[in-house]
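**Q** attaching a predicted model along with its sequence, questions to come.
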Amino acid sequence: MELMDYIKLFYRRGWIVALVAIIAAAAAFGVSKLQTPVYSASTRLSVQPARADWGLSSTIKDLLRNYVENIQTHKTAQQVIDRAQLDMSTADLLGKLFVSPDSSTFTIKIEARDTDPEVAYAIVDTVATVFTEQRDTWNQKQDKRDRIDVVALDSGYSLGYQLYKPKTKINTLAGGLFGLMVGVLVIFFLEWLTQANIRHAEDVERVLNVSVLGQIPPHTGSRPAETAADSQSKLIPRLRGTQSH
């Protein structure tokens with residue numbers, strides 16, 4: 001197909017692409033609205049050595065993973081539940097909690113997700129508080145030069161929370177784009193199904209490789225008018241390069 005063929009195709013069947021895209025976008029919007037919103041709250045803990053020592057800094061990088069494991073224990077989870085007065089088991093709390101270390105910045109990210117934004121906030125804030133208190137207790141038993149302080153970079157209501165899912169706008173846009181692609185495939189499939197049908201003079205020239213001299217118009221007398229299909233079937237072809245006798 002040449003460029004003009006594609007343009008004609010989209011001119012004839014472009015409404016199909018638009019319709020499929022609208023339906024897909026509306027479906028994605030509807031599904032997003034039916035989902036239960038999940039909110040996310042997060043904070044970061046900064047792990048700071050007592051002195052600028054390369055050996056101590058290297059030790060902190062190794063300890064970060066251990067700190068993450070300590071935060072995600074059932075013992076710590078129970079302390080958080082008791083202090084924040086949360087109505088859930090330790091397994092439920094740990095299922096809502098996501099902790100990850102970053103050795104390049106000596107930080108630990110703590111994130112909680114819940115359908116109630118206040119619960120997500122309470123989990124994060126309380127986990128950060130409980131763990132920093134645990135590290136403070138440990139530091140009291142160490143020499144001041146060997147202490148490793150853990151400080152919450154965000155605390156209090158500055159933490160906040162945000163919608164984690166559903167992302168209605170993103171889902172709707174993605175649905176619309178998906179519908180566009182499906183619509184394009186549909187019109188090409190329909191064109192493939194009907195490519196052998198002869199409806200216009202150009203179709204005769206394309207299929208038979210002949211030139212069309214003229215077309216018999218539909219009868220306008222007392223007899224019933226012929227259908228478009230009947231009139232189109234009376235296209236008069238002439239083989240290219242041949243002479244009429």
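**A** Nice, I can see it.
**Q** other SSEs contacting the helix or strand hosting Gly14?
**A** Per DSSP states H and E: Gly14 is located in helix 3-34. For helix 3-34, the elements it packs on are helix 168-194, judged by 3 or more C-beta pairs under 8 Å, 6 or more residues apart in numbering; DSSP states H and E. In short, each C-beta sits where N, CA and C put it, glycine included.
**Q** can you pull the buried residues of the helix it packs on?
**A** Thr168, Asn171, Thr172, Gly175, Gly176, Phe178, Gly179, Leu180, Gly183, Val184, Ile187 (16 or more other C-beta atoms under 10 Å).
**Q** now do the helix or strand hosting Ala122, average pLDDT.
**A** Assigned by DSSP H and E, Ala122 belongs to helix 117-139. On average, the pLDDT along helix 117-139 is 91.
**Q** ok so, going back, relative to helix 168-194, how tilted is the helix holding Gly14?
**A** 140 degrees (axes from the mean of the first three to the mean of the last three C-alpha atoms, to 10 degrees).
**Q** if we can go back for a sec, from the buried residues of helix 168-194, which two are the most distant?
**A** Greatest spatial distance among those (C-beta to C-beta): Thr168 and Ile187, at 28.6 Å.
**Q** run through the protein and note the low-pLDDT ranges.
**A** 1-2, 5, 52-56, 155-159, 195-245 (pLDDT under 70).
**Q** apply 90 and report the result again.
**A** Applying pLDDT under 90 to the chain flags the ranges 1-17, 32-33, 35, 43, 47-66, 102-106, 134-168, 183-184, 186-245.
**Q** note down every partner strand of the longest strand along it and its orientation.
**A** In the chain, assigned by DSSP state E, the strand with the most residues is strand 38-49. Sheet pairing for strand 38-49, assigned by DSSP bridges, gives strand 107-114 (antiparallel), strand 148-152 (antiparallel), strand 162-165 (antiparallel).
**Q** just say which of those is most tucked in.
**A** When you average the neighbours per residue for each of these (mean count of other C-beta atoms under 10 Å), strand 107-114 leads with a mean of 21.
**Q** run the chain-centre distance for that one.
**A** Relative to the chain's own centre, strand 107-114 is displaced by 21 Å; criterion: C-alpha atoms, centre = their mean, to the nearest Å.
**Q** using CSV, list the CA coordinates for that strand.
**A** Presented in CSV, the C-alpha positions along strand 107-114 are these (Å, rounded to 0.1, in the frame of the first residue of the first chain):
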residue,chain,number,x,y,z
THR,A,107,20.4,5.8,54.6
ILE,A,108,17.6,3.4,55.1
LYS,A,109,14.2,4.1,53.5
ILE,A,110,11.1,2.9,55.4
GLU,A,111,7.8,2.8,53.5
ALA,A,112,4.4,1.6,54.6
ARG,A,113,1.3,1.1,52.4
ASP,A,114,-2.3,0.9,53.6
